[in-house]
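Novice: Let me see the structure of the following:
(2 chains)
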Amino acid sequence: MENQISDALRRNKEAGEQVKQVTVLSGKGGTGKTTLTASFAALASNIVVADCDVDAPDLHLLLQPQIMETQEFRGFKLAVIDKTKCIECGLCRDACRFDAIKDVFEVDTVLCEGCGVCVVVCPEKAIDLKERISGYAFISRTRYGTMSHARLKPSEATSGKLVTLVRQNASRIAEKENCELVLIDGPPGIGCPVIAAVTGVDVGLVVTEPTMSGIHDLERALQLLNHFHIQPLVCINMYDINRRNTEKIVQSCHENGVEVCGKIPFDPIVTEAMVAGKTIIEYSPQSAVSRGMETVWKGVLSALKK
Amino acid sequence: MIVSIASGKGGTGKTTVAVNMALSLKDTQLLDCDVEEPNAHLLLNPKINETRSVYVPVPRVNEELCDHCGKCSEFCERNAFFVSSEKILFFPELCNSCGGCVIVCPRKAITEEKRKIGTIKTGIARNVDLVYGELEVGEPMAVPIIREVKKHIESHKTTIIDSPPGTSCPVIESVYESDFCILVTEPTPFGLHDLKITVQVMEEMKVPCGVVVNRAGIGDRKLYDYCKDEGVSILLEIPFQRRIAELYSRGVPFSLEMPEWRTKFQTLFEEIKKRVNK
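Specialist: Predicted coordinates for the structure are as follows:
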């Protein structure tokens, strides 16, 4: 009985102390996810930052992490044909759904998905699946706290799997260091790596811009959050590029019960800060852009309390 | 000839370049392979002729035949099966439709059924044949839809492929077997960093490439230094102009309002043709 009570207490405590997670996403690329994430890192305290755009990570350019720990990442395997055993019967070629076995009985490394069907159908046991290093995950120190990030080797698959690893690392550190929040910079799109970056988070902040493409992609990003039952928040970056479209976004979010937690103006100063390798909060704390970002960040924090 | 448009970083102007180039040439088809967030149709407003669903085969387990031997889960590299002594679970979002589980099941308890993961639309806008795919929201795998979009390639036409951002599988699938790839970037640290990765991808894929600098005038000169040092050609620069940005925000391809750009995109294409024929 005593054990049961202490167990229940422990579970409660764990639930209460569970680290919150926020993902910054956008659907459309180039709307300012990374710029915003870096600014949030500057405004927040006691967080772990995770760069989950493992294809084209950029957050490190603003946060200049010092790598403390490097992990090898093994993604999907690759089929390798032993030419000395191969009798060129063609069964593997027929069975491969990815057209990855070339006419000369070599594996096309671009097309091979490492599924292993060729291994199973080969009557001569001439094919093996080989592991390979597809990238690296890093745990680093930055001036704003610990950062979890990664680098997928160019042209590798499995970015979703690496995103999951980056998030696991971030959560592990957050617990160890008693951090309150994991802040995740998401990849563009709505497919596999984005799904891996949003599943199970507390809030998804969609950064959009007042363009036709921005509006279209915002809609799909919101549908994605809805699909995975994640609380959505929206902010409009470069809102003054097209005020009419900004109005449309605000209106449509309002009608769908989605909160728009802030608007950030266009200002070339953002690029200047990027060139200087700084967050806009450090580079120009009094600018309208910085103030806009502060408002958005406050919106995120209050959404987390809901 | 197949020319694809790619960039590691999102939002650099791939779709802008793809659409304006397609509008400036004759006999062109534009394949929008950014099936997660297709945008070319927003700028082109095509008349849609055909809408077709894309399906992938996924396994279906006949529980009466299954004896929970676990061969399927042992085989499956994606861990899409969970088998215990009394039950078998299948996670469709992890499955990549390789069909291996059907082969390895000793009791023939697994068959395949089709599952819809997206839609392909074909249409016409002005002189451009447009084909684009749309991944269903919540579905993770873009690649099978990209493959379907690319089946529409007509060899007698000029094919322009608008690729998704990034450097992993959907990009590879889109750019694969292109004669040339235009890398669109912007002269900022993010733009340069992601361009470097994309150039490596092109080298690995052995696809010749050149750069279009969008929003020229912002940022710094490091992009230009890199291109010079690495021998990567800059084929065209599109300046940062409020007018271009504003037209884009309204969904108007800027070459329609600024006709001098049609000639520039034609020259860009002629230059690419010369490089491919070398």
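
Novice: Show me the strands in the stretch 51-200 of chain A, by range?
Specialist: Listed in chain order, the strands of the stretch 51-200 of chain A (DSSP state E, counting those that start in this stretch) span residues A:66-74, A:78-81, A:127-130, A:133-142, A:145-152, A:181-185.

Novice: Give me the contacts around the last one.
Specialist: The contact list for strand A:181-185, computed with CB atoms under 8 Å, 6 or more residues apart in numbering or on different chains, reads A:19-24, A:33-34, A:37, A:40-41, A:44, A:46-53, A:59, A:167, A:170-171, A:174, A:197, A:201, A:304. For every residue, glycine as well, the C-beta is placed using N, CA and C.

Novice: Now it - C-alpha only, CSV.
Specialist: Taking only C-alpha atoms (Å, rounded to 0.1, in the frame of the first residue of the first chain), the coordinates of strand A:181-185 have been written out as CSV:
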residue,chain,number,x,y,z
LEU,A,181,11.1,23.9,-21.8
VAL,A,182,12.4,22.3,-25.0
LEU,A,183,12.2,24.8,-27.9
ILE,A,184,12.2,23.1,-31.3
ASP,A,185,13.1,24.7,-34.6
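
Novice: Who does that strand pair with, and is each partner parallel or antiparallel?
Specialist: Applying DSSP bridges, strand A:181-185 is found paired with strand A:20-25 (parallel), strand A:47-51 (parallel).

Novice: just those: most buried one?
Specialist: strand A:47-51 (a mean of 27; mean count of other CB atoms under 10 Å in any protein chain shown).

Novice: so how far is that one from its chain's centroid?
Specialist: Centroid displacement of strand A:47-51 relative to its chain, using CA atoms, centre = their mean, to the nearest Å, is 11 Å.

Novice: same thing with stretch A:252-266?
Specialist: The chain centroid and the centroid of stretch A:252-266 are separated by 22 Å, computed with CA atoms, centre = their mean.

Novice: just stretch A:186-206 next, same as before
Specialist: So, by CA atoms, centre = their mean, the centroid of stretch A:186-206 is 6 Å from its chain's centroid.

Novice: picking that back up, determine which stretch of the strands of the stretch 51-200 of chain A is the most buried.
Specialist: Comparing the strands of the stretch 51-200 of chain A on average neighbours per residue, with mean count of other CB under 10 Å, the densest one is strand A:181-185 at a mean of 26.

Novice: What's the mean pLDDT across that strand?
Specialist: Per-region confidence: strand A:181-185 scores 98 on mean pLDDT.

Novice: now swap in stretch A:81-90 and tell me
Specialist: 96.

Novice: gap between the two ends of it?
Specialist: Taking CA to CA, to the nearest Å, stretch A:81-90 runs 12 Å from one end to the other.

Novice: How about it and chain B, touching?
Specialist: No. Residues of stretch A:81-90 are not located near chain B by CB under 8 Å from any CB of the partner chain, the shortest gap being 15.6 Å.

Novice: who touches that stretch?
Specialist: Contacts of stretch A:81-90 with the rest of the structure, by CB under 8 Å, 6+ apart, involve A:92, A:101, A:105-107, A:118, A:123-128.

Novice: Let's see that with 10 Å instead.
Specialist: A:92, A:101-107, A:118-119, A:121-128 (CB atoms under 10 Å, 6 or more residues apart in numbering or on different chains).
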